[in-house]
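**Q** generate coordinates for the sequence data below:
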Amino acid sequence: MNQSELIKTYADKYREKFNEELFVRNENDIIEELKKIILSCQRDKFFIIKVLSFRVIEDYKEINDILYNYEEYIINKSSKNKDKKRKDNKYDFINLKDFDIKLLIVKYFIKIKDEQEVINVLIAVPRIIDKYYMRLNGNVYSAMYQIVDASTYNNSTSNSSKRSITLRTKFQAIRIYRNQYPIKTTNKEVIKAMNFRTNVFSKSVYVISYIFAKYGYYEGLKMLGLDGSIFISDSDPKNENWYTFTNIGVKTTAKKNERIFVSTPKYLFDNNYVVQSLIHTVIESIGKNTNIEEMFKIEFWLKMLGSRFNTNSEKFLEKGLSILDSLEFVYDLPTRDSIHLPWEKKKDIYNVLKWMVGEFSALRLKDNLNIITKKIRYAEYIASLYAMKLSTALYKISHQGNQANINSIKKAIMIRPMELIKQITKCRLVNYKNMVNDTDSIMALKYSYKDVGSKTRGVSNTVPYVSRLLHISTMGITDPDSSSTTDPGVTGFLCPMVKIYDGHFSEFDEPNSWEEEFKKTMSSYKALVGMREVIRSKRGILNIDTEKDQEESIEESIKTVRSLIKPIRKLEDNDLVFGYLPVEEGEVIVYE
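**A** The predicted model follows:
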């Protein structure tokens, strides 16, 4: 063994290796993320947008022929005046500033009212050249990594007086606030109720309102796991162990002087923020025209939701349905897959809202500066550049209501083939490469906290000062000496030895103890209540007072257990999910 062999053998055995995954870029990852985004945009309520298949074209001549035919179609469509000079097709000529691309063809089935059609949409996707780069319009570009929160973040590092947590999807930020509201019982006692609002479409709405609008009153309670915790009636139960609220001072149109009473056990209300939110939402929904029978119908809650977004009472129902459709649309497949929760607790947006409300306190304690709960992404944010264009167009269709037609849907989803390429060249995370030297491998490790859907989107001065500081959790993950002079603390380089777990910096678990803790506590509570009733029965039958001390001890235990009670949540399965299955080379068929 010579000296070189000895050094190599020693290095292979004892020196820590670079993480090769950090130096890998692949256009197929971008294509897969695009597929997930597009599948997330499928609709099946007011109109149908269904993905029939995906097909990837790699042959340069075939790509050029397809783009040539597309350009001919556009030129002929725009040429209204036959005497007008016809535009040249740019694919008739050799482009001196060429692109290295693949072509993703998406076959859609669209339908609205009695109109339906099958169309193909072309998406040009950049190829990766020289390991890390993209050649676009004759120039070579390098896309850096982006570090983002793996799921939620909070505003604990800001000066805001409103406590909130946020989940950012590819299409929309879902922000939930927690506030206290005073409410009065039938005994004139003023108590405070905690309620949760969410701000999704620039309107602040109670979270419970979305759940009731989706499931109705009874099914909504069941979905929350709170069935049996609240009662609505036309008479006061007059139970000293219950809180009862009514629509005092509000006249209803059902019957003269009719009152609507809302009741709940005191111990559950006092120790359960979700029950408080439920009670307050129901009370706030009672208006002068509220009929008690209506409150148990799903139409009532749909209209209540619609009234937050529309002033025309005749369109409340339609608007409520439209808002639910839009809410479900913002929860995309990549976001769902990245949340570290069991499937049944993240399968749809309503279960995610329930989780965010139930674990609000735990999520508020999350350290936003801790890099361990973050992830790096590359293909995701490139695909999201296309998602922004597509989602904006689909939102416009939803807002058109009955005025939407087949042409408006086609206009929304038939985005020009080079749109993604155009957005990539404008993206702040994609840099123009103007040199080639031995530092290429280091450039592949560059990252940024900014732009493309991150909470620090915008110019550098919008980044909080505390976010620029060196957090202890970054040791061994990012290079502490590589901060940019223009954006200190926001951009830098990853350590080449850092381990990555499916894009995340750790295999952390989201807070998810609420349900199990409550089940155990509720079981203990029921056992203690049962023991108390046995003692009371014996005292009543035998007319003796020998177990009074034991009963008092149990009463104290019950009070202690009550103070520990947290809300329970039951979960339902059997949801429709979309997947895709290869059927032949280059094409993917989507099935339900």
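
**Q** residues in contact with the closest residue in space to residue 92 that isn't next to it in sequence?
**A** With sequence-adjacent residues excluded and distances taken as C-beta to C-beta, 6 or more residues apart in numbering, residue 92 is closest to residue 68, at 7.5 Å. Heads up, the C-betas are built off the backbone N, CA and C, glycines and all. Counting by C-beta atoms under 8 Å, 6 or more residues apart in numbering, residue 68 makes contact with 89, 91, 92.

**Q** then residue 368?
**A** 149, 153, 154, 156, 157, 467.

**Q** how far away from the center of its chain is the host helix or strand of the second one?
**A** When you say that, I think you mean residue 153. Using DSSP states H and E, residue 153 maps to strand 152-154. Centroid displacement of strand 152-154 relative to its chain, using C-alpha atoms, centre = their mean, to the nearest Å, is 12 Å.

**Q** got the contact list for the helix or strand following it?
**A** As assigned by DSSP H and E, the chain's next helix or strand after strand 152-154 is strand 163-168. Identification of contacts with strand 163-168 by C-beta under 8 Å, 6+ apart yields 148-149, 151-155, 173-178, 335, 352, 356, 360, 363-364, 453-455.

**Q** how about residue 145, what does it touch?
**A** So residue 145 contacts 376, 377, 378, 445, 446, 447, 448, 494 (C-beta under 8 Å, 6+ apart).

**Q** out of those residues, who's nearest residue 11?
**A** Distances from residue 11 to those, taken as C-beta to C-beta, are shortest for residue 445 (20.2 Å).

**Q** relative to residue 43, how far out is the closest one?
**A** According to C-beta to C-beta, to the nearest Å, residue 445 stands 40 Å off from residue 43.

**Q** between these two, who's got more neighbours?
**A** residue 445 (22 against 19; other C-beta atoms under 10 Å).

**Q** so what's the more buried one up against?
**A** Here residue 445 is in contact with 22, 23, 145, 493, 494, 495, 496 (C-beta under 8 Å, 6+ apart).

**Q** out of those residues, who's the most crowded?
**A** Busiest of those [other C-beta under 10 Å] is residue 494, holding 24 neighbours.

**Q** surely it meets residue 376?
**A** Yes - here residue 494 reaches residue 376: they are 7.3 Å apart, a contact under C-beta atoms under 8 Å.

**Q** quick check: neighbours shared by those two?
**A** 145, 447.

**Q** name the SS class of the closest residue to residue 91 other than its chain neighbours, please.
**A** The shortest distance from residue 91 to any residue other than its chain neighbours is 3.9 Å, reached at residue 68 (C-beta to C-beta, 6+ apart). Recorded secondary structure, residue 68: helix (DSSP: H, G, I helix; E, B strand; the rest coil).

**Q** before we move on, back to that, for PyMOL, what selects the buried ones among the contacts of residue 368?
**A** Of those, the buried ones go into a single PyMOL selection, burial set by 16 or more other C-beta atoms under 10 Å:
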select buried, resi 149+153+154
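
**Q** which residues in the stretch 201-350 of the chain form strands?
**A** Assigned by DSSP state E, counting those that start in this stretch, the stretch 201-350 of the chain shows strands spanning 204-206, 231-233, 242-246, 261-265.

**Q** of those strands, give the one that comes closest to residue 425.
**A** strand 204-206 (37.6 Å).

**Q** list the strands paired with the closest one, with their directions.
**A** strand 190-199 (antiparallel) (DSSP bridges).

**Q** so what touches the strand it pairs with?
**A** 174-185, 204-208, 210, 243, 269, 273, 276-277, 279-281, 353, 357, 360.

**Q** quick revisit: got the contacts of residue 445 as CSV, with secondary structure columns?
**A** Converted to CSV, the contacts of residue 445 look like this (three-state DSSP):
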residue, secondary structure
22, helix
23, helix
145, strand
493, strand
494, strand
495, coil
496, coil
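
**Q** residues of stretch 90-104 that come out buried?
**A** 91, 99, 101, 102, 103, 104.

**Q** repeat that for stretch 410-420.
**A** In stretch 410-420, counting by 16+ other C-beta under 10 Å, buried: 412, 413, 415, 417, 418, 419, 420.

**Q** quick one, which of the contacts of strand 190-199 are buried?
**A** Taking 16+ other C-beta under 10 Å as the criterion, what is buried in those is 174-178, 183, 185, 205-208, 210, 243, 269, 273, 276-277, 279-281, 353, 357, 360.

**Q** looking at those residues, which are in helices?
**A** 207-208, 210, 269, 273, 276-277, 279-281, 353, 357, 360 (DSSP state H).

**Q** now flag whichever of those residues is closest to residue 385.
**A** Using C-beta to C-beta, these come closest to residue 385 at residue 353, 27.1 Å.

**Q** so who does the residue nearest to that closest one when sequence neighbours are not counted touch?
**A** Distances taken as C-beta to C-beta, 6+ apart place residue 207 nearest to residue 353, at 5.3 Å, with adjacent residues excluded. Residues counted as contacts of residue 207 (C-beta under 8 Å, 6+ apart) are 176, 196, 197, 198, 277, 353, 357.

**Q** with residue 131 instead?
**A** So residue 131 contacts 23, 24, 25, 440, 444 (C-beta under 8 Å, 6+ apart).

**Q** likewise for residue 144?
**A** 429, 430, 431, 446, 447, 448, 491.

**Q** let's go with 6 Å and repeat that
**A** 429, 446, 447, 448 (C-beta atoms under 6 Å, 6 or more residues apart in numbering).

**Q** reformat those residues as JSON lines; add distance to residue 109, secondary structure and pLDDT.
**A** Shown next, in JSON lines, are the contacts of residue 144 (distance: C-beta to C-beta, whole Å; DSSP: H, G, I helix; E, B strand; the rest coil; pLDDT from 0 to 100):
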{"residue": "429", "distance to residue 109": "34", "secondary structure": "coil", "pLDDT": "88"}
{"residue": "446", "distance to residue 109": "42", "secondary structure": "strand", "pLDDT": "86"}
{"residue": "447", "distance to residue 109": "40", "secondary structure": "strand", "pLDDT": "86"}
{"residue": "448", "distance to residue 109": "39", "secondary structure": "strand", "pLDDT": "86"}
